[in-house]
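K.L.:
Fold the following.
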Amino acid sequence: MSAVASSTAHACPERDTAGHDQPSPRRTPLHDVHVGLGAVLTAFAGWTMPLRYGSETAEHHAVRRAAGLFDLTHMGEIEVTGPEAADMLDYALTGRLSAVAVGRARYTMLCAPDGGVLDDLVVYRLDTERYLVVANAANVATVYAALAGRAAGFDAAVADVSGDWALIAVQGPRSTDVLREVTDSDVDALRYYAIDPAVLAGLPVLLARTGYTGEDGFEIYCAPGDAAAVWAAVSAAGAAHGLVPAGLACRDTLRLEAGMPLYGQELTVARTPFEAGLGRVAVLDKPAFVGQDALLARQASGPAELLVGLLPAGRRAPRQGYDVLDPDTGVRIGTVTSGVPSPTLGRPIAMAYVPADRAAVGTVLAVDIRGSRDTVTVVELPFYRRQAGGNA
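P.N.:
The predicted structure is shown next:
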């Protein structure tokens, strides 16, 4: 596909506090569209991204009740190809990617030798010898370097193809209704965590049934030069179905309600998948892979701390970095990783790491919220689960 459109070029460099040139955030191919829609823009992971277009709460509710349209071009794409691409990814990642059928996807992780999480990934198998690894925006360079290094000795090539793709997501219970109007592909038959080549509004795309909101939805990979036309077609088709443009702010409240981890908050190189309750993504009985010994040891010992959901008794939301306390002594025992007022539940929610012996559902703890000891209760994740699933 074509290279990144000129609208993604860096602007004039800024200066940091030491007087060094710093590149301005990159712009996605949809930057002018967002400006035209009146978006509030923010710098995020080296990109200028829409934070919200109006009310982030209204955008959140639209995704839960109808559909939202997201620009996710800041995500990175890395292609792994060759006769031993499957074996190389089995060695490089925690999952068994060789077992993924063509046209399907797998959620997996890239771990350091000590088991710490370098990034969580979605990997699509586009053909027998071709995989597309989708990385978090802030971690693209890390993922590329790790995969390129781990490809040594395998007949496999690793290429950062992020510039070849724009990524647009349609999320919400009406997303299938929206896409039926702009593509001849059988979107109803597309299974969850599957991807197919498609033609959308007359343009070639890859259409995946994946997302990060807790709702049914689709992600559309297209050439950067086609992004504005794809966005316009989906937006026009979605108008009658309640679709609205949606920014990063509501994407965060949606994923938190759905109990989905965010790299840099719930997932870090300082913790293994087991602390996050995601030990299932590590296929420990496959042939040797990076981090296997450390993960086997952590599975055997059990994690000392666990990620839990917290439901405050009051109306104030614990925020990232707030201390979790013993409710009786006030001694710090853990840390909040994410917390927001939940638009769907109408009350605050949070996730936090706490000692394993304090992680049972129903355990009463406290959080220091601006000097006040607020009561919270450990609850089962996710906070929200949609009633009707997608086509699994």
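K.L.:
which stretches of the stretch 1-150 of the chain have low pLDDT?
P.N.:
1-22 (pLDDT under 70).
K.L.:
those strands in the stretch 51-200 of the chain, which residues are they?
P.N.:
Ranges of strands within the stretch 51-200 of the chain are 67-71, 76-81, 105-111, 117-127, 130-135, 157-160, 166-171, 195-200, based on DSSP state E, counting those that start in this stretch.
K.L.:
repeat for the stretch 201-350 of the chain
P.N.:
Going by DSSP E, counting those that start in this stretch, the stretch 201-350 of the chain shows strands at 203-208, 217-222, 243-245, 305-312, 323-325, 332-342, 347-355.
K.L.:
follow-up on the earlier one: can you list the strands of the stretch 51-200 of the chain in CSV and add distance to Leu248?
P.N.:
Placement of C-beta: from N, CA and C, glycine included. Listed next are those as CSV, based on distance: least, C-beta to C-beta, whole Å:
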stretch, distance to Leu248
strand 67-71, 8
strand 76-81, 16
strand 105-111, 21
strand 117-127, 18
strand 130-135, 17
strand 157-160, 23
strand 166-171, 12
strand 195-200, 24
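K.L.:
Rebuild those strands as a markdown table, extending it with mean neighbour count and distance to Leu41.
P.N.:
Listed next are the strands of the stretch 51-200 of the chain as a markdown table, based on neighbours: other C-beta atoms under 10 Å; distance: least, C-beta to C-beta, whole Å:
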| stretch | mean neighbour count | distance to Leu41 |
| --- | --- | --- |
| strand 67-71 | 27 | 11 |
| strand 76-81 | 22 | 20 |
| strand 105-111 | 23 | 29 |
| strand 117-127 | 22 | 25 |
| strand 130-135 | 23 | 23 |
| strand 157-160 | 18 | 25 |
| strand 166-171 | 26 | 17 |
| strand 195-200 | 19 | 26 |
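K.L.:
Counting neighbours, show which residues of stretch 297-308 come out buried.
P.N.:
Across stretch 297-308, burial judged by 16 or more other C-beta atoms under 10 Å covers Arg298, Gln299, Pro303, Glu305, Leu306, Leu307, Val308.
K.L.:
what's the answer for stretch 212-223, then?
P.N.:
Tyr212, Thr213, Gly214, Glu215, Asp216, Gly217, Phe218, Glu219, Ile220, Tyr221, Cys222, Ala223.
K.L.:
between the strands of the stretch 201-350 of the chain, which gets nearest to Glu275?
P.N.:
Among the strands of the stretch 201-350 of the chain, strand 305-312 comes nearest to Glu275, with 5.9 Å by C-beta to C-beta.
K.L.:
Report all helices and strands that the closest one contacts.
P.N.:
strand 332-342, strand 347-355, strand 364-369, strand 372-379 (3 or more C-beta pairs under 8 Å, 6 or more residues apart in numbering; DSSP states H and E).
K.L.:
Of those strands, which is nearest Val100?
P.N.:
Closest among these, once you apply C-beta to C-beta, is strand 347-355, at 28.5 Å.
K.L.:
So in that sheet, which strands flank the closest one, and in what orientation?
P.N.:
In the sheet, strand 347-355 lines up against strand 305-312 (antiparallel), strand 332-342 (antiparallel) (DSSP bridges).
K.L.:
so how far is that strand off the chain centroid?
P.N.:
Distance of strand 347-355 from the chain centroid (C-alpha atoms, centre = their mean, to the nearest Å) equals 19 Å.
K.L.:
quick check: mean pLDDT across it?
P.N.:
In this model, strand 347-355 has a mean pLDDT of 98.
K.L.:
List every C-alpha atom in it, with coordinates, as PDB.
P.N.:
This file holds the C-alpha atoms of strand 347-355, laid out as PDB (Å, rounded to 0.1, in the frame of the first residue of the first chain):
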ATOM      1  CA  ARG A 347     -20.700   5.600  39.800                       C
ATOM      2  CA  PRO A 348     -16.900   5.600  40.000                       C
ATOM      3  CA  ILE A 349     -14.800   2.500  39.200                       C
ATOM      4  CA  ALA A 350     -11.100   1.600  39.300                       C
ATOM      5  CA  MET A 351      -8.500  -1.100  38.800                       C
ATOM      6  CA  ALA A 352      -5.600  -1.600  41.200                       C
ATOM      7  CA  TYR A 353      -2.800  -3.900  42.100                       C
ATOM      8  CA  VAL A 354      -3.200  -5.300  45.600                       C
ATOM      9  CA  PRO A 355      -1.600  -8.200  47.600                       C
END
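K.L.:
With that, I have no additional questions.
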